[in-house]
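**Student:** Sequence first, predicted model second:
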Amino acid sequence: MTDDPFVTHRSLLFTVAYEMLGSAADAEDVVQETWLRWADVDHAEVRDPRAYLVRIVTRQALNRLRTLARRREEYVGEWLPEPLPTSPDVAEDVEFAESVSIAMLTVLETLAPAERAVFVLREVFDLPYADISAAVDKTPAAVRQIAHRAREHVAARRPRIQVDRAEHQQVVDRFLAALRSGDLQVLLDVLAPDVVLVADGGGEVAAVRRPVVGRDRVATLLSRFRTIAPDAVVGTVWLNGAPAGRIDLAGELDTAVSLEVADGRITRIYAIRNPHKLARLDEEATLSR
């Protein structure tokens, strides 16, 4: 008996859905819906199971994206993607790690649903235009135009900066050590002049409602952390293909901290505090393309 193609490609399908939705919970729902549709299909009629399954998961994710767009308009404060624990192996594929980073998922959030689907399928998974055309129900010519527009949109908001893995880890370690000690000078040293801090509490927990911009403002805010939460445990984890921070209070996970690094400094801090988005932080996700 041959392996079920759905089982074989499950991690791929989850990754496609997660990149399109920025939410592991919604991605799991979409994968489940894909399985239900796959179960109703005569598998002998399917010439290319992988392409067929990607088509189903893309359509389900697009449906979900349109629903989520309305929900996110009413979201309290800044919306950030749901972080995923990943093994350090994900970072071996630099382009893939970049595509699943919190920074990239935040940029993808600014695309229209069809643009996001086309960008993800073409740029991340390198699908042929004909397959993408079938998945998003548009002509290949229209898909090429959408892909071009989406690429330009992303490039304008997400310049490609190659950071050495060892350097990235070193900067993250310095930042987390400064957070633990509350040392204002060390924080100032490790932050870029135009650093931006974005927090997501979703109205469930306290979090700054708007981005905090500039080294002095961000460092001053973070230097108070040790005074406010003297018993907090600050640790290192791998999230979305990169080293990141995890803050526990009274034995409970409180915040996931994703960091962007350029030229040896932190340029962006994403602090995810909404408890609904932290539910999976103890369970390593399997991502693939």
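**Tutor:** That came in fine, so what should we check first?
**Student:** Can you tell me the closest non-neighbouring residue to the most centrally placed residue in the chain?
**Tutor:** Closest residue to the average C-alpha location of the chain: Ile102 at 3.6 Å, with C-alpha atoms, centre = their mean. Of all residues not flanking Ile102 in the chain, Ser258 sits nearest, at 3.9 Å (C-beta to C-beta, 6 or more residues apart in numbering). (Each C-beta comes from the backbone N, C-alpha and C, glycine too.)
**Student:** Then Leu80?
**Tutor:** Using C-beta to C-beta, 6+ apart and skipping the chain neighbours, the partner closest in space to Leu80 is Asp200 (3.9 Å).
**Student:** from memory that neighbour sits against Lys277, does it?
**Tutor:** Yes. Asp200 sits in contact with Lys277 when judged by C-beta atoms under 8 Å, with a separation of 7.0 Å.
**Student:** In the chain, mark out all the helices, start to finish.
**Tutor:** 5-8, 10-21, 24-39, 49-73, 94-99, 102-108, 113-119, 129-136, 140-157, 165-181, 184-190, 215-223, 225-228 (DSSP state H).
**Student:** that older thread, show me the residues around the residue nearest to Leu80 that make contact.
**Tutor:** Gly77, Glu78, Trp79, Leu80, Ala207, Tyr270, Ala271, Ile272, Arg273, Asn274, Lys277 (C-beta atoms under 8 Å, 6 or more residues apart in numbering).
**Student:** how far away is it from Ala206?
**Tutor:** According to C-beta to C-beta, to the nearest Å, Asp200 and Ala206 sit 12 Å apart.
**Student:** Show me the common contact partners of those two, please.
**Tutor:** With C-beta under 8 Å, 6+ apart, Asp200 and Ala206 have common neighbours Arg273.
**Student:** Contacts only, for Trp79.
**Tutor:** Arg72, Glu109, Asp200, Gly202.
**Student:** any idea how far the closest residue to the last one other than its chain neighbours lies from Thr110?
**Tutor:** For Gly202, ignoring the flanking residues on the chain, the nearest one in space by C-beta to C-beta, 6+ apart is Asn274 at 3.5 Å. Taking C-beta to C-beta as the measure, Asn274 and Thr110 are separated by 20 Å.
**Student:** When those two are compared, which one has more neighbours?
**Tutor:** Ranked by neighbour count (other C-beta atoms under 10 Å), Asn274 and Thr110 place Asn274 first, with 23 against 12.
**Student:** residues touching the more buried one, list them.
**Tutor:** Asp200, Gly201, Gly202, Glu204, Val205.
**Student:** Are any of the contacts of Trp79 buried, and if so which?
**Tutor:** When the contacts of Trp79 are checked for burial by 16 or more other C-beta atoms under 10 Å, the buried set is Glu109, Asp200, Gly202.
**Student:** So for the second one, what pLDDT did the model give?
**Tutor:** To tie it back to what came earlier, the one meant is Asp200. Asp200 is assigned 94 on the pLDDT scale.
**Student:** how about Pro230, phi and psi?
**Tutor:** Phi and psi for Pro230, reported as degrees, to the nearest 10, are phi -60, psi -30.
**Student:** ok, residues contacting stretch 130-140?
**Tutor:** 51, 54-55, 58-59, 62, 114, 117-118, 121-122, 127, 129, 142-143, 146-147.
**Student:** hmm, try it at 7 Å
**Tutor:** 51, 54-55, 58-59, 62, 114, 117-118, 121-122, 129, 143 (C-beta atoms under 7 Å, 6 or more residues apart in numbering).
**Student:** Would you mind listing the buried residues in stretch 263-275?
**Tutor:** Arg265, Ile266, Thr267, Arg268, Ile269, Tyr270, Ala271, Ile272, Arg273, Asn274.
**Student:** Isn't the third one up against Val190?
**Tutor:** No. In this structure, Thr267 is not within contact of Val190 by C-beta atoms under 7 Å, at 10.9 Å.
**Student:** overlap in contacts of those two?
**Tutor:** Common contact partners of Thr267 and Val190 (C-beta under 7 Å, 6+ apart): none.
**Student:** Buried ones in stretch 155-173, by neighbour count?
**Tutor:** Under 16+ other C-beta under 10 Å, the buried positions of stretch 155-173 are Arg158, Val163, His168, Gln169, Val171, Val172.
**Student:** ugh, wrong one, stretch 244-254
**Tutor:** In stretch 244-254, counting by 16+ other C-beta under 10 Å, buried: Ala244, Gly245, Arg246, Ile247, Leu253, Asp254.
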